[in-house]
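In: Build me a model from this:
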Amino acid sequence: MDAEMHNMKTRKVWSLVPAPPKEVKVVGCRWVYNLKKNNEDDIVILGKTNEEIQMTVKLLANNFDLKIIGKTRTLLGIQFIEKNNKVYLSREHYITEVYNRYKKFLPPISSLPISKGSVYSKLQCPTTDEETKEIERYPYRSVIGCLAFIASRTRPDINYAVNLFSQFQSNPGVVHWSGLMKLLGYLQATKNYKLDIGNIAEISLTAYSDADFASCTDDRISVGGHIVFCGIPVSWRTAKQKSVTLSSMEAEFLSICETAKELMWLKNVLEECQSTNVLLGDISCKLLSDNMAAIQFSKSSIENNRTKHIDVKFHFVR
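Out: Residues are numbered from 1 along each chain as shown. Next comes the predicted model:
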């Protein structure tokens, strides 16, 4: 108690005020935070030249105890591979580890994340105790967690599939498990795929937007997605839309809206770098879609009976 009181007095965590009325309940203090001791962490230093990097290291060394371990080979489970003056990000080791962990369930090698024509719905979920007991033998959620970790870091090509199978985590069926194992088999077959983060010729943002139409047979909600490049892929996402759309144009338009928000945020991040004396020049943005009707609607202010129901919040893209 004395040590806690001393810590709180030293850090001036309160100001002395008159006691409140008796009917007011006083909330006590539950935690006192001290300085972390023996803390260590890893950082990556980037620079255009070795001179810049060495200068940064010297500045840090004047204030912190540093241990320089050389070029980055692995960080947060991601492998950094240098080849032909380019840098690649790879999760090959982790994919192999995950595959070996679950290979006893015999995941078939596949050339696609999802087989063409495959349909997955809640109708395939267990409805009897026997079916539920059978699926409990399979670590469905654990596999989803591993694949989601891979998809969010270096493998945008499986993002859609992971999003699809994640929708059945609360009550997966044998059909969903089979599809998930095919996805794991696809990863094993393509584990040598790497994300190229090589030379960037200019700082500009290019985003690609897409959406299906009423693909979910349970609620008929469309799925939208995007990927943004700044010379290299920097952001990607797949998610079900917030509402049911009445046409493919509307589904594509909603996806364009979500992509535009991501594009604006990334542009703001780059402009913030400008304010820190990192001169990037003019940052151009380009948003691409494959639906001409959605493109024309995003440029027009005219409404008609087929579009007037679209929420106002989506029109900011104009």
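
In: elements contacting the top helix by length along the chain?
Out: Counting by DSSP state H, the longest helix found in the chain is helix 248-275. Helices and strands touching helix 248-275, as assessed by 3 or more CB pairs under 8 Å, 6 or more residues apart in numbering; DSSP states H and E, comprise strand 204-211, strand 223-229, strand 233-240, strand 284-289, helix 292-299. For glycine as for every other residue, the C-beta is placed from the backbone atoms N, C-alpha and C.

In: Partner strands of the second one, with direction?
Out: Each strand paired with strand 223-229, and its direction, by DSSP bridges: strand 204-211 (antiparallel), strand 233-240 (antiparallel).

In: Now render those as TSV, adding distance to Lys83.
Out: Formatted as TSV, the strands paired with strand 223-229 follow (distance: least, CB to CB, whole Å):
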stretch	distance to Lys83
strand 204-211	25
strand 233-240	18
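
In: Packed most tightly, which of the ones you listed would that be?
Out: Across the strands paired with strand 223-229, averaging neighbours per residue (mean count of other CB atoms under 10 Å) puts strand 204-211 on top, at a mean of 21.

In: Let me know the angle separating it from helix 248-275.
Out: Here strand 204-211 runs at an angle of 160 degrees relative to helix 248-275 (axes from the mean of the first three to the mean of the last three CA atoms, to 10 degrees).

In: Please enumerate residues in contact with strand 204-211?
Out: Strand 204-211 has contacts (CB atoms under 8 Å, 6 or more residues apart in numbering) with 222-231, 241, 248, 251-252, 254-256, 258-260, 262-263, 266-267, 270, 283-290.

In: Mean confidence (pLDDT) on stretch 196-213, please.
Out: Across stretch 196-213, the average pLDDT comes to 87.

In: That one: end-to-end distance?
Out: Start and end residues of stretch 196-213 are separated by 31 Å (CA to CA, to the nearest Å).

In: Same check on stretch 130-139?
Out: 17 Å.

In: which other residues reach that stretch?
Out: So stretch 130-139 is contacted by 102, 105, 126, 171-174, 177 (CB under 8 Å, 6+ apart).

In: Buried only: go through those residues for me.
Out: 102, 126, 172-173, 177 (16 or more other CB atoms under 10 Å).

In: Take those and write them to TSV, including distance to Val143.
Out: Formatted as TSV, these follow (distance: CB to CB, whole Å):
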residue	distance to Val143
Tyr102	6
Pro126	17
Pro172	10
Gly173	14
Trp177	9
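
In: Out of those residues, which sit inside helices?
Out: Mapping these onto helices (DSSP H) picks out 102, 177.

In: Looking at the buried ones among the contacts of stretch 130-139, which one is closest to Val57?
Out: Of all those, Val57 sits closest to Tyr102, with 41.7 Å by CB to CB.

In: what does the domain assignment say about the protein?
Out: Domain assignment for the chain, taken from the TED database, gives 1-66, 90-194, 201-312.

In: From Phe253, how far out is Phe213?
Out: Phe213 is 12 Å from Phe253, where distance means CB to CB, to the nearest Å.

In: higher neighbour count, the two?
Out: For Phe213 versus Phe253, neighbours defined as other CB atoms under 10 Å are more numerous around Phe253 (26 against 16).

In: How many residues are close by the closest residue in space to that one that isn't next to it in sequence?
Out: Of all residues not flanking Phe253 in the chain, Ala294 sits nearest, at 4.4 Å (CB to CB, 6 or more residues apart in numbering). Neighbourhood size, Ala294 [other CB under 10 Å]: 24.

In: try Asp212
Out: As a burial measure, Asp212 scores 16 neighbours (other CB under 10 Å).

In: didn't it look like it was pressed against Val223?
Out: Yes. Using CB atoms under 8 Å, Asp212 is in contact with Val223, at 5.3 Å.

In: show me what contacts the nearest residue to Val234 once chain neighbours are set aside?
Out: With sequence-adjacent residues excluded and distances taken as CB to CB, 6+ apart, Val234 is closest to Val228, at 5.6 Å. Going by CB under 8 Å, 6+ apart, Val228 touches 205-208, 234-236, 259, 262-263, 266.

In: Ser110: which of those residues is nearest?
Out: Trp236 (21.0 Å).
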